[in-house]
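Enquirer: quick one, fold the following:
(2 chains)
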There are 2 protein chains.
Amino acid sequence: MNSKGNAVVAQSGGPTAAINSSACGVIQEAIKSGKIGRVIGATNGILGILQEDLFDISAEKPKTIEQLTQTPAAAIGSCRYKLKSLEESKADFERILDVFGAHNIRYFFYAGGNDSMDTADKVNKLAAESGYELVCIGIPKTVDNDLAFTDHCPGYGSVAKYVATCAAEAGRDTEALYTTDTCTILEVMGRNAGWIAAATGLASRRPEDAPHLIYMPESAFSFDKLVSDVKEVLKELGRVFIVAGEGLKDEKGEYVTADKGTFGKDSFGHIQLGGVAEMLKAVIEKEVGIKARFNKPGTNQRSAMHFASLTDVNEAYMCGQMAVKAALSGENGKMVTLVREQGPKYKCTTGLAELRDVANGEKKVPAEYINDKGNHITDAMRDYVKPLVRGEAPITIGEDGLPVFMRFERKRLEKKLPKYM
Amino acid sequence: MNSKGNAVVAQSGGPTAAINSSACGVIQEAIKSGKIGRVIGATNGILGILQEDLFDISAEKPKTIEQLTQTPAAAIGSCRYKLKSLEESKADFERILDVFGAHNIRYFFYAGGNDSMDTADKVNKLAAESGYELVCIGIPKTVDNDLAFTDHCPGYGSVAKYVATCAAEAGRDTEALYTTDTCTILEVMGRNAGWIAAATGLASRRPEDAPHLIYMPESAFSFDKLVSDVKEVLKELGRVFIVAGEGLKDEKGEYVTADKGTFGKDSFGHIQLGGVAEMLKAVIEKEVGIKARFNKPGTNQRSAMHFASLTDVNEAYMCGQMAVKAALSGENGKMVTLVREQGPKYKCTTGLAELRDVANGEKKVPAEYINDKGNHITDAMRDYVKPLVRGEAPITIGEDGLPVFMRFERKRLEKKLPKYM
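Expert: The predicted model follows:
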């Protein structure tokens, strides 16, 4: 068995409800292929590789591996450790190859966003330069849905389904109690791209349905506009439900803060608030004179396994599976992509993109997905996102009424190298 | 048909995922009985009655009524309008009876908390004094679970299931990314009682499972204690997941604010923050030196129909149904209660309590449900809450992947009285 190269699976960045499904796809396909030695988990992503903190996934029970598809977050462990250029982070990159060499790791499957694809690409280059035989395949992962060269990203469909449902449900709450709680703000993730905020637009099937206003980083935001938008909705419906991406920007492309005096001179100079939702709440209460409250699901939106999209979880698995197939068929330095086929019925297959291209790309919500006023979505966005949120991923509920998740036993691999870091 | 008295159904206060099931129980049982004329909805609770803003629920499609059990919030409409004593709010109480008289309303079914039971009790007294034949039956409703004389309140089981799941899921997120995001705070509802916070304790099946610390209004909170609790958990696990009720109180029973200098003299004098979560985050970042983030589901927790407790929804329906049965069997001035039968297997039936007793009572989390350190729950609390969160209430999913909710057509009753308010 030792003649076959081993594979390492690593997870990076913010967790999602589907990243473990990708890991499951990699692990089950690698085992099934019979062509890969041991499947090794890197505890906490690239940190685990650098620190030689590895465990034997092949030794885990098949049922544990199976349950990955029902477990949110990143079961192998994630991190936000960022490597720079090959020159600046030379020691780190060399250490990675040393660890790979020490454990006969010949396949590197890395699920993450741009930065992770960049890291995988550089590891791959260095391996080639050093004559170390290695295959690096990336697997897309991000709730932000901002990776280029893929129609959408595993993880996005689930967060989209969840936040849209949050908007639909809390929208009914606001509708029921509008005589006192007239305005509700739902703050969702997405610092640079508004994909998550845009997805909530699905919930407004009719004009009276929440959300009534959606603000995304792609449209220039101003407090003047907010106040006039809110007043307009109030005149029509007597209540207003707003979705705001966490990274709203003004017409100069700078993050909006309440103390910038964007709305009138020094109008909000005294408002010192952390997040977008608090800021909008304060401005609306002061300038419109209605009570506003906010919901900020935070990490719950990206870990909502209990209402994850079946489409998303299945596609995430497929990406993991295809990563192994690509690696075994001679591909290298690529990321698996999701390809939406033309036609009225949704069909999604996979493709491959160069790691270096993905690393340098970024995909924002295109103008045709945003309405003219810059405060809601168009039907084109609805058509884009609808198939991605379809179906409910199966979960197992315990006798205590709560979902059951797996945890690895983590049989650690013996360290063979000196301590690092 | 006009010889039979009509019934009005009204909903009050903060919405829940189950209050519409209670309304469904009332409506279907009233129609089935054949003893009640028209079932009338009061748009936005007592406000609808005062303003004679009523609609004919009997004229709604049976399917719309059926779908109430799958719709969150308060489909008839709710409000927070508070009536005072019979003397202070005399005009309001008399107006209520005038409206009842104008529409031959002889049954008043009111779903709400203490204040609503108080209102129903007073309307009932005034009717008796005025010789107006009326039957008033209350239906318990509150996510806060703080009503006395009932084992638990419809609405609580669903919020409990949801927040416990949120803790389990976001707990895995923190576990995956602890090397950077070491601390997560989940702020839940419950200004005076810690029932919702306590329910999240269900998620910690094992010590490593979130939440690691739970703070409830029933235990005196201090920032000193918080900091030392956090450090202790960090030493053990390297991460910490905290649940905080929105209304934490210090040893004097006053709401904790960061500018009170509870932790060291003026230590937090400069921190001006709105909610408990922001406050805890700021203190932990400053005093423990780790990154903290917070999730605040807000109204999403009480409207989370997509993962509501089947037990809760069924019991809520039963309360509505029993309210009608009680009214028709000669009871008056009572609230339906939930009675947990003794024995190892959970069984719940209904009883009745005097409206005036319920109005004056309040049920907090008892000392035996809170651990000695005042920062988590005991097995007694687990045993109490577990049966309440069991089962998943059925929902209908649209072709767009999101839950489908009903809306009444609202055939308004013609106004017969002069305008009021």
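Enquirer: in the stretch 51-200 of chain A, which spans are helices?
Expert: A:62-66, A:90-102, A:114-130, A:156-176, A:195-199 (DSSP state H, counting those that start in this stretch).
Enquirer: export the ones you listed to a markdown table and tack on distance to chain B and mean pLDDT?
Expert: (Each C-beta comes from the backbone N, C-alpha and C, glycine too.) Shown next, in a markdown table, are the helices of the stretch 51-200 of chain A (distance: least, C-beta to the nearest C-beta, whole Å; pLDDT from 0 to 100):
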| stretch | distance to chain B | mean pLDDT |
| --- | --- | --- |
| helix A:62-66 | 15 | 98 |
| helix A:90-102 | 15 | 97 |
| helix A:114-130 | 13 | 96 |
| helix A:156-176 | 4 | 98 |
| helix A:195-199 | 10 | 98 |
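Enquirer: with mean neighbour count added, can I get these in TSV?
Expert: Putting the helices of the stretch 51-200 of chain A into TSV (neighbours: other C-beta atoms under 10 Å in any protein chain shown) gives the following:
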stretch	mean neighbour count
helix A:62-66	13
helix A:90-102	18
helix A:114-130	21
helix A:156-176	29
helix A:195-199	30
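Enquirer: write out the residues of the stretch 1-150 of chain A neighbouring chain B.
Expert: Contact residues, the stretch 1-150 of chain A versus chain B (C-beta under 8 Å from any C-beta of the partner chain): A:11, A:14-15, A:44, A:47, A:71-75, A:77-81.
Enquirer: before we move on, the earlier item: closest to B:E60 out of the helices of the stretch 51-200 of chain A?
Expert: helix A:156-176 (16.8 Å; C-beta to C-beta).
Enquirer: sorry, back to before: and the residues of the stretch 1-150 of chain A next to chain B, which two are furthest apart?
Expert: For these, the maximum inter-member distance is 22.8 Å, found between A:T71 and A:Y81 (C-beta to C-beta).
Enquirer: more neighbours: the two, which one.
Expert: When A:T71 and A:Y81 are compared for neighbours, A:T71 comes out ahead with 26 against 20, by other C-beta atoms under 10 Å in any protein chain shown.
Enquirer: so what's that one closest to, chain neighbours aside?
Expert: Take A:T71 and drop its neighbours on the chain: the residue closest to it by C-beta to C-beta, 6 or more residues apart in numbering or on different chains is A:F405, 4.1 Å away.
Enquirer: again with A:K231
Expert: Per C-beta to C-beta, 6+ apart, closest to A:K231 is A:V288, 6.3 Å.
Enquirer: so where do the strands sit in the stretch 101-250 of chain A?
Expert: A:105-112, A:135-140, A:183-188, A:213-215, A:240-245 (DSSP state E, counting those that start in this stretch).
Enquirer: residues making contact with the shortest one?
Expert: With C-beta atoms under 8 Å, 6 or more residues apart in numbering or on different chains as the test, strand A:213-215 has contacts from A:194, A:197-198, A:200-201, A:221, A:226, A:229-230, A:233, A:240-245, A:248, A:374-377.
Enquirer: please apply the same query to the first one.
Expert: Where contact means C-beta under 8 Å, 6+ apart, the residues beyond strand A:105-112 that reach it are A:5-13, A:19, A:22-23, A:26, A:30, A:36, A:40, A:45, A:99-100, A:116-117, A:119-120, A:123-124, A:133-142, A:320, A:323-324, A:327.
Enquirer: among these, which ones are buried?
Expert: A:5-13, A:19, A:22-23, A:26, A:30, A:36, A:40, A:45, A:99-100, A:116-117, A:119-120, A:123-124, A:134-142, A:320, A:323-324, A:327 (16 or more other C-beta atoms under 10 Å in any protein chain shown).
Enquirer: need the strands of the stretch 101-250 of chain A in a markdown table (columns: mean pLDDT).
Expert: A markdown table is the format used below for the strands of the stretch 101-250 of chain A (pLDDT from 0 to 100):
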| stretch | mean pLDDT |
| --- | --- |
| strand A:105-112 | 98 |
| strand A:135-140 | 98 |
| strand A:183-188 | 98 |
| strand A:213-215 | 98 |
| strand A:240-245 | 98 |
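Enquirer: what does the stretch 301-421 of chain A put close to chain B?
Expert: Near chain B, when you scan the stretch 301-421 of chain A using C-beta under 8 Å from any C-beta, you find A:302-307, A:309, A:382, A:386, A:389-392, A:397-403, A:405.
Enquirer: so how do I select the buried members of these in PyMOL?
Expert: Paste this into PyMOL to select the buried members of those, with burial taken from 16+ other C-beta under 10 Å:
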select buried, chain A and resi 302+303+304+305+306+307+309+382+386+389+390+391+392+397+400+401+402+403+405
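Enquirer: now intersect the residues of the stretch 301-421 of chain A next to chain B with the helices, please.
Expert: The members of those that map onto helices under DSSP state H are A:R302, A:R382.
Enquirer: so where's the stretch 151-300 of chain A uncertain?
Expert: Counting by pLDDT under 70, the ranges of the stretch 151-300 of chain A that qualify are A:258-274.
Enquirer: returning to what we had before: show me the contacts for the residue nearest to A:T71.
Expert: Counting by C-beta under 8 Å, 6+ apart, A:F405 touches A:Q67, A:Q70, A:T71, A:P72, A:M305, B:A168, B:R172.
Enquirer: find the residue closest to the second one in space, skipping its chain neighbours.
Expert: The reference is to A:Q70. A:Q70 sits nearest to A:I395 (C-beta to C-beta, 6+ apart), 5.2 Å away.
Enquirer: how far is stretch A:306-315 from where the chain is centred?
Expert: 13 Å (C-alpha atoms, centre = their mean, to the nearest Å).
Enquirer: nope, stretch A:8-15 is what I meant
Expert: 11 Å.
Enquirer: what distance separates the start and the end of it?
Expert: 18 Å (C-alpha to C-alpha, to the nearest Å).
Enquirer: show the average pLDDT along it.
Expert: Average pLDDT, stretch A:8-15: 97.
Enquirer: do the same with stretch A:19-33
Expert: 98.
Enquirer: chain center to it: distance?
Expert: That offset, for stretch A:19-33, works out to 19 Å (C-alpha atoms, centre = their mean).
Enquirer: name the surrounding residues that touch it.
Expert: A:7, A:9, A:11, A:36, A:39, A:57-58, A:65-66, A:68-69, A:71-76, A:107, A:109, A:111, A:139, A:141, A:154-155, A:313-314, A:316-325, A:328.
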